[in-house]
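Visitor: model this:
(one chain, ligands or ions: 1)
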Amino acid sequence: MPVSTSHRFNFNIGEFVTLSVLLKRPTSTGGIEENLVNRAYSIASSPTRDFIDLTIKEEKPYGYINPITGKSDAFAAYFNQQVKVGDKITVKSNLVKQHFLWKVAAGIEKNVAYWSGANGAQSARSLIQYMEDKKDPDFNLVLFYSNTKLYTDNGNSDIKQGEHQPVDSLNVIYYNWLINIAKKLENLKVIFTFTREQEMPTAAPNDARIIYRKGRFFLNPDGSPERTLFKYGRNVETSFNPICGSSAFINGIVRLPNGKINRGKGILQNLIEIEGIKPEKTDKEQFYLEQVGAKQ
Ligand SMILES: Cc1cc2nc3c(=O)[nH]c(=O)nc-3n(C[C@H](O)[C@H](O)[C@H](O)COP(=O)(O)OP(=O)(O)OC[C@H]3O[C@@H](n4cnc5c(N)ncnc54)[C@H](O)[C@@H]3O)c2cc1C
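Guide: This is a model prediction of the structure:
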């Protein structure tokens, strides 16, 4: 998203903008309604760069109708379909003083272990670009990045790792970009975990800062607790742990099909209970409340 100098606003790593867009969406009676719809998006580029990049992931499928309201209430799928290059949209900055990376932006925390769900690495990308530009040798980032699978199924479950696969079936946001940038930045390490992957990607010998593991963070294959931060991180005591993703990823909170809220455990509790991290060494950015049974 190019920003003309006259409309430029200042921002810090970890901040987000709100998009307001007029979208045409279906109703259960076969009609179409046009409404102004707002959604928050983390800025995925560094304040040191000339462009504001946003990465918008569709959660609700195109055409999904909310059973209670009888209308579509999604944004992302309609935005991606209806907004074209050259269209003008309203982008509002949110200058929250104590956003989840404010201590990193202020230079108070420099040893960062960033925990990202499948949708949650946008601010990490902003931070990585910032580290690339600032070249501060004291900055260190370990990105813990959890996804279900590396590739979407594409209806072909026989595809083996290493065989040709269509590029557009990659399921991990920034996957190739992260692998390339980790080769360049000595103070960046990326730990990919795949919770439903059978075949694991193998890191090339020169990819010392890319690590692949299977299953949930904080869980060994035999079900016993794993000290994931201790195993892959850098100095547990000083590490600052921002967590970004859905409520399920952050603290195990999900909305059940009957509307009730179920409270489990997520990365936040694991960090405190398994690693002994102090709550003030954590922060979180929740993208949305996870609905059980919503994922297709
Ligand atoms: C501060 C902040 C920053 C954010 N930054 C980003 C960002 O950088 N990039 C990004 O992509 N998103 C970001 N989000 C989330 C974003 O605002 C949208 O929620 C997201 O793009 C999904 O939009 P949507 O229209 O598809 O779904 P929404 O209408 O926003 O709904 C999301 C809800 O849909 C549920 N859902 C998922 N699948 C289904 C299904 N099959 N059927 C029914 N319900 C379902 C989910 O469980 C979730 O509760 C951010 C949110 C916040 C609060």
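Visitor: show me where the stretch 1-150 of the chain has helices.
Guide: Using DSSP state H, counting those that start in this stretch, the helices assigned to the stretch 1-150 of the chain run over residues 76-82, 102-105, 122-134.
Visitor: just name the most buried of the ones you listed.
Guide: Mean neighbour count (mean count of other C-beta atoms under 10 Å) peaks for helix 122-134 among the helices of the stretch 1-150 of the chain, with a mean of 22. For every residue, glycine as well, the C-beta is placed using N, CA and C.
Visitor: helices or strands next to that one in the packing?
Guide: Helices and strands in packing contact with helix 122-134 are listed as strand 32-42, strand 111-116, strand 140-147, helix 175-184, strand 241-245; criterion 3 or more C-beta pairs under 8 Å, 6 or more residues apart in numbering; DSSP states H and E.
Visitor: pretty sure residue 282 contacts residue 243?
Guide: Yes: taking C-beta atoms under 8 Å as the definition, residue 282 is a contact partner of residue 243 at 6.6 Å.
Visitor: could you measure from residue 259 over to the ligand?
Guide: Counting by C-beta to the nearest ligand atom, to the nearest Å, the gap between residue 259 and the ligand amounts to 12 Å.
Visitor: what about residue 212, which helix or strand?
Guide: strand 210-214 (DSSP states H and E).
Visitor: could you do residue 249 as well?
Guide: Assigning secondary structure by DSSP H and E places residue 249 in helix 247-251.
Visitor: so what does that helix touch, helix or strand wise?
Guide: Contacts defined by 3+ C-beta pairs under 8 Å, 6+ apart place helix 247-251 against strand 241-245, strand 253-255, helix 267-275, strand 282-286, strand 290-291.
Visitor: out of these, nearest to the ligand?
Guide: Nearest to the ligand, of all the helices and strands packed on helix 247-251, is strand 290-291, at 3.8 Å by C-beta to the nearest ligand atom.
Visitor: from the contact counts, what lies against the closest one?
Guide: Applying 3+ C-beta pairs under 8 Å, 6+ apart, we find strand 290-291 packed against helix 247-251, strand 253-255.
Visitor: can you redo the ones you listed as TSV with mean neighbour count?
Guide: Compiled in TSV, those are given as follows (neighbours: other C-beta atoms under 10 Å):
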stretch	mean neighbour count
helix 247-251	22
strand 253-255	18
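Visitor: any idea how far residue 269 lies from residue 29?
Guide: From residue 269 across to residue 29, the span is 44 Å (C-beta to C-beta, to the nearest Å).
Visitor: format the helices and strands packed on strand 290-291 as TSV; extra columns: distance to the ligand.
Guide: Compiled in TSV, the helices and strands packed on strand 290-291 are given as follows (distance: least, C-beta to the nearest ligand atom, whole Å):
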stretch	distance to the ligand
helix 247-251	8
strand 253-255	7
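Visitor: got JSON lines for those, with distance to residue 152 and mean pLDDT too?
Guide: Formatted as JSON lines, those follow (distance: least, C-beta to C-beta, whole Å; pLDDT from 0 to 100):
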{"stretch": "helix 247-251", "distance to residue 152": "19", "mean pLDDT": "98"}
{"stretch": "strand 253-255", "distance to residue 152": "23", "mean pLDDT": "98"}
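Visitor: which one of these lies closest to residue 104?
Guide: Proximity to residue 104, assessed across the helices and strands packed on strand 290-291 by C-beta to C-beta, is greatest for helix 247-251 (17.4 Å).
Visitor: bridged to residue 143, which residues?
Guide: Under the criterion DSSP bridges, residue 143 forms beta bridges with residue 114, residue 190.
Visitor: quick one on the thing from earlier: who wins for proximity to residue 229 among the helices and strands packed on helix 122-134?
Guide: Minimum separation from residue 229 across these (C-beta to C-beta) falls at strand 111-116, 5.8 Å.
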